[in-house]
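[1] What follows is a predicted structure for the sequence shown.
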Amino acid sequence: MELARSTIRVIILGAGKGGTALLELFTRSPDVEVVGMADRNPEAPGLRLAKYLGIPTTSDSLALIAEGRADLIVDVTGDPQLGAQLVQHKPHRAEILGGKTALLIWKLAQHEQDLRDQLIQAEKLASIGTLASGIAHEINNPLYTITGLSEHLVEETRPEVIRDYVQDIIKSGRRIADIVQDLNAYSRRSRGQEQCDVNLNHTLDEAVKMARRATVVDEIKVITQYSDVPPVRGNADELLQVFVNLVANAVQAMEGQGTLTLSTSSANGFVYTTIKDTGPGIPSNNLKQIFDPFFTTKEQGKGTGLGLHIVRDIVTQHGGRVTVDSTLGQGATFTVRLPALPD
Amino acid sequence: MPWGLHTKDTPGQGRILVVDDEDDVRKVLRLTLTKAGYEVVEADHGGKGIEVIGADDNALMVDVIICDIRMPKINGVEAIAFFQQQYPSVPIIVLTGYPDQKMATELLSRGVYDYLVKPADKDKLLECIAGAIARRLELKYDH
């Protein structure tokens, strides 16, 4: 039984699609430690992710396994020659997972990844439902200008007045187009593997724009205390979802009235983002469950109970951590820590 | 036209206070209402609405209030509560972008005359105002 409790140290050989899917799966498993990753192609996507997560990488598979740190060598290279060499060079206690068995694990990891992507997408679409009346409000105002002025335009003959009405109508139409474009960008389906450099100050601003729609009343004072933080590496759409969820929660908790303080800073190779509200705070017995799936204190239709669970999942997958600090009556502060891209 | 001269036979006359933070929305309402024969007093947020209705003799002259909900400074819900308390005989029509059933039910149960969602069409709005003006006259004659 000792074995079941100890951490399994794994080396992944092959950093293409399969290796990347396995790396993502293993980094989410608390009992698995990835101690190295190798691929002949130094530009392989899995190597980039591994470097970002602080995992040693190399193009020399045999040198990596010779270090003798692994309990398990997972070979998804599909290279029969390497397979034969592994058997000869592997440390005595290490096991090899290769061939069709490795392929099967890879397929399972891929399947798990697909389910995760689907869950993230479903939560995102559900959260748009909770923003729906805010979005409707934003569209209905310019729409009223369009329909209202058009009704008068029908009877209008003076050219200068017609020009004035038409200019207002065009302006209102563009406002609606901007809102639709924002929504489209937010609801687009993203895949976990799409990585880019993300400026979190910019992400926070985008999130506030989207999340303010979560309440009927919008009298929130937003204070931003941004530092010139280094970018983080990750999926921009997923990170936006993290901050939309956190800001929408804060906005809902304050029922549209209060102060929202957003700040960013960096230290020791991490970027820290905090979202602080002046809402009623979270009772201490709820704090423990707050990231659990389907845990919600919101009324029906206002939340799925998946928002914070997804937040934690995405942040963890980006090599980060999310924490919450709250005292009843004194609001709540969420802090997201993500690894900074080295200069 | 001062409201004291209105009768049930002259529904297209009266003074209406429009409270909405969007210039373009107020522009449409101004056009629609003035063309229909009403006089329009405007405010771009709830606080301004409270100020305007309290100024001079507007309180006695406003027949109907058209009020938005989501506005800066003092929002519609707060402004409506004030209007209802201070000027209970002036009917209030909510005109909002929010298709929020809960909010509509709550405000209607608090005595708001009607809850219209933008983009409400011109005829429907004018019909609603005519009804509100009639209510205003009834309340006046009841005193």
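    Looks like it arrived, so ask away. Residues are numbered from 1 along each chain as shown, chains lettered A, B, ... in the order given.
[2] all contacts plus neighbour counts: C-alpha atoms, from now on.
    Noted.
[3] hmm, who's touching stretch A:207-218?
    A:130-135, A:240-241, A:243-245, A:247-248, A:251-252, A:255-257, B:69-72, B:75, B:98 (CA atoms under 8 Å, 6 or more residues apart in numbering or on different chains).
[4] which non-adjacent residue is nearest A:Arg28?
    A:Gln317 (6.5 Å; CA to CA, 6 or more residues apart in numbering or on different chains).
[5] Could I get the contacting residues of the one you found?
    Neighbour list for A:Gln317: A:Glu24, A:Thr27, A:Arg28 [criterion: CA under 8 Å, 6+ apart].
[6] Mind checking which of the residues you listed are in helices?
    Judged by DSSP state H, these include A:Glu24, A:Thr27, A:Arg28 as members of helices.
[7] out of those residues, which is most surrounded?
    Neighbour counts for those peak at A:Glu24, which has 22 neighbours (criterion: other CA atoms under 10 Å in any protein chain shown).
[8] State the mean pLDDT of stretch A:295-302.
    For stretch A:295-302, the mean per-residue pLDDT is 72.
[9] Next, count neighbours for residue 65.
    Let's take chain A. Around A:Ile65 there are 25 residues (other CA under 10 Å).
[10] nope, chain B
    27.
[11] Quick one: end-to-end length of stretch A:64-83, please.
    Taking CA to CA, to the nearest Å, the first and last residues of stretch A:64-83 lie 14 Å apart.
[12] And the contacts of that stretch?
    A:8-15, A:18-19, A:35-39, A:58, A:89-91, A:93-99, A:102-103, A:106.
[13] List the ones among the contacts of stretch A:207-218 that fall in helices.
    With helices taken from DSSP H, the overlap with these comprises A:130-135, A:240-241, A:243-245, A:247-248, A:251-252.
[14] if I pick the spatially most central residue of chain B, what's in contact with it?
    Nearest to the mean C-alpha position of chain B, by CA atoms, centre = their mean, lies B:Ile65 at 1.7 Å. Counting by CA under 8 Å, 6+ apart, B:Ile65 touches B:Ile16, B:Leu17, B:Val18, B:Val19, B:Val90, B:Pro91, B:Ile92, B:Ile93.
[15] Nearest to chain A among the residues you listed?
    Nearest to chain A out of these is B:Val19 (CA to the nearest CA; 13.6 Å).
[16] Pretty sure the closest one sits against B:Val64.
    No - counting by CA atoms under 8 Å, B:Val19 does not reach B:Val64; the two are 11.0 Å apart.
[17] Looking at these two, which is more packed in?
    Between B:Val19 and B:Val64, counted using other CA under 10 Å, the more crowded position is B:Val19 (30 against 24).
[18] Tell me where the longest helix sits in chain B.
    Of all the segments of type helix in chain B, defined by DSSP H, the longest one is helix B:122-142.
[19] What residues of that one count as buried?
    The neighbour-count check on helix B:122-142 (16 or more other CA atoms under 10 Å in any protein chain shown) flags B:122, B:125-126, B:128-137 as buried.
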